[in-house]
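Enquirer: Pasting the sequence and the predicted coordinates here, then a few questions.
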Amino acid sequence: MHTHALRVVVADPSILSQRERIEAQLPEGAAVSWPDPRDPAAVEAAVADADVLVAGQCPAPVAAAGKNLRLVHAAGAGTDGIDTAALPPGTVVANTHHHENSIAEYALASAVLLHRGFLTQDAALRRGTWDTPAYDPAAPWRDSLAGSTTGFIGFGHIGRIAWQRFGAFGTRGIAVTGSGSTDAAAEGLDWA
């Protein structure tokens, strides 16, 4: 059997800043190319003889061009941007599991900002007004997150970590999953 050097294509702008580190960790003799992810033709040309594609997107034309692909690795949580049906048979599709805390914190911070009206309050403060019913009877009373309901569409590794954060604020939790296999009671959810 003829063997060749590993050929890797990285077409994800979010990891371009990690180029040196990634290239340093590849096996000796591996060839790596970094086509512009915004140029589908360049990505298609690069994957023509590649073994591995690292990208957030792999539409059908790119998947079909990668006749030797053995691995498509999404640099994010989802694989919904990868047309798995167009990939060569046996191609493994993977994603990353390292950013659950960051995404959970972002979701929680956004919920607090929106629920408490912080953006409106900040704008009012910049105009010299304290946006609170204590000073302006027309200002709305804002409830805390406690007692509100947090809904999840999907309840994988990110959803579980996010639920831990939201649950600590006293919210109720509900989840809808594709598999329907989430045990609501075991996860501390009201319903799944």
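Expert: Arrived safely, thanks for sending. The structure displayed is predicted, hence computed values, not measured ones.
Enquirer: Nearest to the spatial middle of the chain, which residue is it?
Expert: Ala77 (4.0 Å; Cα atoms, centre = their mean).
Enquirer: for that one, helix, strand, or coil?
Expert: Secondary structure, DSSP: H, G, I helix; E, B strand; the rest coil: Ala77 is coil.
Enquirer: For burial, what's the neighbour tally of Val10?
Expert: 24 (other Cβ atoms under 10 Å). In short, each C-beta sits where N, CA and C put it, glycine included.
Enquirer: next SSE after the helix or strand of the chain with the lowest mean pLDDT?
Expert: Across the helices and strands of the chain, the lowest-confidence element by mean pLDDT, DSSP states H and E is helix 118-126, at a mean of 92. Next along the chain after helix 118-126, taking DSSP states H and E as the criterion, comes strand 149-153.
Enquirer: May I have the strands that pair with that following strand, each with its orientation?
Expert: Sheet pairing of strand 149-153 (DSSP bridges) gives strand 172-176 (parallel).
Enquirer: Could you list the buried residues of the partner strand?
Expert: Within strand 172-176, the residues scored as buried using 16 or more other Cβ atoms under 10 Å are 172-175.
Enquirer: One more: stretch 91-100?
Expert: Buried, per 16+ other Cβ under 10 Å, within stretch 91-100: 91, 95, 100.
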